[in-house]
Each structure stands twice: as structure tokens, then as C-alpha cells.
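Student: got a sequence here, can you build the structure:
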Amino acid sequence: MVLCKGGFIIMKKTPVIFTGHGSPMLAIDENDLTREMQRVGTDVLTSEDRPKAILAISAHWYVPGTYIQSAEKPRQIYDMYGFPEELYQLQYPAKGCPKLTQDVCQLLGNAVSIDDSWGIDHGTWSVMVHMFPNAPIPVVQLSVDSLFTPDQCFALGQKLAPLREEGYLIWASGNIVHNLRRVEWNKRGGSEAAKHFNQDIVDNVTKGNLDAVIHYENHEHAAYAVPTPEHYLPLLYCLGAAGTDKATPFNNTCTLGSMAMTGFVWA
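Tutor: The predicted structure follows:
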């Protein structure tokens, strides 16, 4: 998107959003977390530059390779077990966007392949049902490459950055702290380790200390906060796509002991 002002050409860019998602029950919850997600989504939907489609990166499509969806009507995946029937009845009728798929393929070339065997998983729809109710914006999901190092995730995000100037929203879902083995079901807040790691990452993201965010494994609580990388890596895709834009945190809180719900908007 191009604006002309005072003889200068200004390239307008859509935001980049990273959000925590936590339990799938988030989809049917109504609380401070979901209300804040609604606020962020409303800001996007009511902006002058409402995105024409969303490139979604979910922690739950974590596979050895970089894949992009092409289906005009991607199927909704209920990739979780043992939850109330109400959750499995929830519908998020997202449409695909073949043009976005094509644009991603042009940007990444041989580094990406089309794969429609997956779909829109709960890492995406459990949040979008609050941010973008009734699926008003087409969604195309991109995999998180399990073969990538954190540096490679960041670098791929940088390659995706031009999509923002074409009116696409780059959006990712995961958790800065995600340790299911250390969950404390009766704890409303976070453990000291979770809060320490989460806040250090928030501080480094907002201050632009990219190396500390990318090389999170150097943190004293990294083994506790990120025992497996799939929920953390979507943040790095966003960090790469955001460039030098300022990050504003939202839902900066920990819950269940070992889960952080923190999100960021870069704009």
C-alpha cells in the first residue's frame, strides 16, 4: 500500500501479531484474556487498512518442512482430545486465499511446498474466534518447520515481510512459556521461573534486543519455559517479519504455573 505525502512515497504496512493461546478451552471462555483479544482484533477490523487475508502460523502445525495451504475452504481441525463436546461443535468457517498462497510461493520459491493435508487447527481458530468472529478475513496457514533453528525461523519471517505491504496480516499463535509437564492446574498465575522468563522476553522484544529473543536457550529458565520449541518459534517468525516496528505487548500474564499468554502487536 502506497501513500504520497509531501512528495514522499510512504509504504503502509499491515501489523504483525503474535498471541498466546494456551488451552483449547480458550475458544469458549469469556474472560480478561479473550476480551483483550477481541480488542486487538477490533482494532484490525476497523482500521483503514483492514487486511485482505491473514497468513497464520500455528504452533500446532509443526512438521519437518515449510508448507503453505492452498484450499479455498480449508477444513477446521479439532486437534485435541478429552474436552467438552461444546468445543468440538464450535465452527470457524474460514475461507482460504489462493492469491496469498501464490504470493508466499513467489517469495519463498523452492523453500516452500503446498500441502492441504492439515487445515486450520485449534492454535489458530481458538484465538481467531475472539479476534475475528465469524471469519470475516480469509486465512492461509503456514507450517512451523521443525528442522529450522531459531535463526532460520527469524530469517524466514524476514522473507515474508513484503507481504505486509501487499495488505496481508502476518499472525502467529504459540506461547512464550509452554511446559505441559509442569502445569499447576489450581494456580491462577505463573511460577517464578515462568514469570521471570516471560518478562525478560517481553523486555527484549520491546527494546529490540533481537539476539536475546532468538537465542532464548541462553536464559537461565529456558529449559523450564521452552522444553520443546514448537510454541516459542512462531514468535521468531513474527519478529523477523516485524523488522524495526515497535512492539506493544498485550495479555502479558502467566497462568497455570507454566503457561504464558503474552502477545504482541507490531505496527
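
Student: in terms of helices and strands, where is Ser143?
Tutor: In this structure, Ser143 sits in strand 139-145 according to DSSP states H and E.

Student: counting contacts, what elements does the very next helix or strand once past that strand pack onto?
Tutor: Proceeding N to C from strand 139-145, the next assigned helix or strand is helix 150-160, under DSSP H and E. Counting contacts by 3 or more CB pairs under 8 Å, 6 or more residues apart in numbering; DSSP states H and E, helix 150-160 packs against helix 98-108, strand 139-145, helix 210-214, helix 233-242. C-beta here means a position set from N, CA and C on the backbone, and glycine is covered the same way.

Student: mean pLDDT added to these, as TSV?
Tutor: Putting those into TSV (pLDDT from 0 to 100) gives the following:
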stretch	mean pLDDT
helix 98-108	98
strand 139-145	98
helix 210-214	98
helix 233-242	98
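
Student: so which of the ones you listed comes closest to Glu220?
Tutor: Taking CB to CB, helix 210-214 is the member of those nearest to Glu220, at 12.4 Å.

Student: can you say which of the helices and strands packed on helix 150-160 is nearest to Ser47?
Tutor: helix 233-242 (16.8 Å).

Student: how long is stretch 24-36 from one end to the other?
Tutor: Length of stretch 24-36, first residue to last, CA to CA, to the nearest Å: 17 Å.

Student: check the offset of that stretch from the chain's centre.
Tutor: Centroid displacement of stretch 24-36 relative to its chain, using CA atoms, centre = their mean, to the nearest Å, is 16 Å.

Student: quick one on the thing from earlier: winner for burial among the helices and strands packed on helix 150-160?
Tutor: Mean neighbour count (mean count of other CB atoms under 10 Å) peaks for helix 233-242 among the helices and strands packed on helix 150-160, with a mean of 28.

Student: what's that one in contact with?
Tutor: 16-18, 57-59, 142, 144, 148, 150, 153-161, 163-164, 170, 172-174, 176, 201, 205, 210, 213-214, 264, 266 (CB atoms under 8 Å, 6 or more residues apart in numbering).

Student: make it 6 Å
Tutor: Outside helix 233-242, the residues that touch it by CB atoms under 6 Å, 6 or more residues apart in numbering are 16, 18, 57, 59, 144, 150, 153-154, 157-158, 160-161, 170, 172, 174, 266.

Student: that older thread, Glu184 is nearest to which of the helices and strands packed on helix 150-160?
Tutor: helix 233-242 (23.2 Å).

Student: CA-only coordinates of the closest one in PDB, if you can.
Tutor: Only the C-alpha atoms of helix 233-242 are listed here, as PDB (Å, rounded to 0.1, in the frame of the first residue of the first chain):
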ATOM      1  CA  LEU A 233       9.200 -20.500  17.400                       C
ATOM      2  CA  PRO A 234       6.100 -18.700  15.900                       C
ATOM      3  CA  LEU A 235       7.300 -15.600  17.900                       C
ATOM      4  CA  LEU A 236      10.500 -15.600  15.900                       C
ATOM      5  CA  TYR A 237       8.700 -15.700  12.500                       C
ATOM      6  CA  CYS A 238       6.800 -12.600  13.700                       C
ATOM      7  CA  LEU A 239      10.000 -11.000  15.000                       C
ATOM      8  CA  GLY A 240      11.600 -11.400  11.500                       C
ATOM      9  CA  ALA A 241       8.500 -10.100   9.700                       C
ATOM     10  CA  ALA A 242       8.100  -7.100  12.000                       C
END
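
Student: any idea of the angle that helix forms with strand 139-145?
Tutor: 110 degrees (axes from the mean of the first three to the mean of the last three CA atoms, to 10 degrees).

Student: okay, now the sheet partners of the helix or strand just after helix 233-242, with direction.
Tutor: The helix or strand immediately downstream of helix 233-242 is strand 247-250, counting by DSSP H and E. Strand 247-250 has the following strand partners under DSSP bridges: strand 263-266 (antiparallel).
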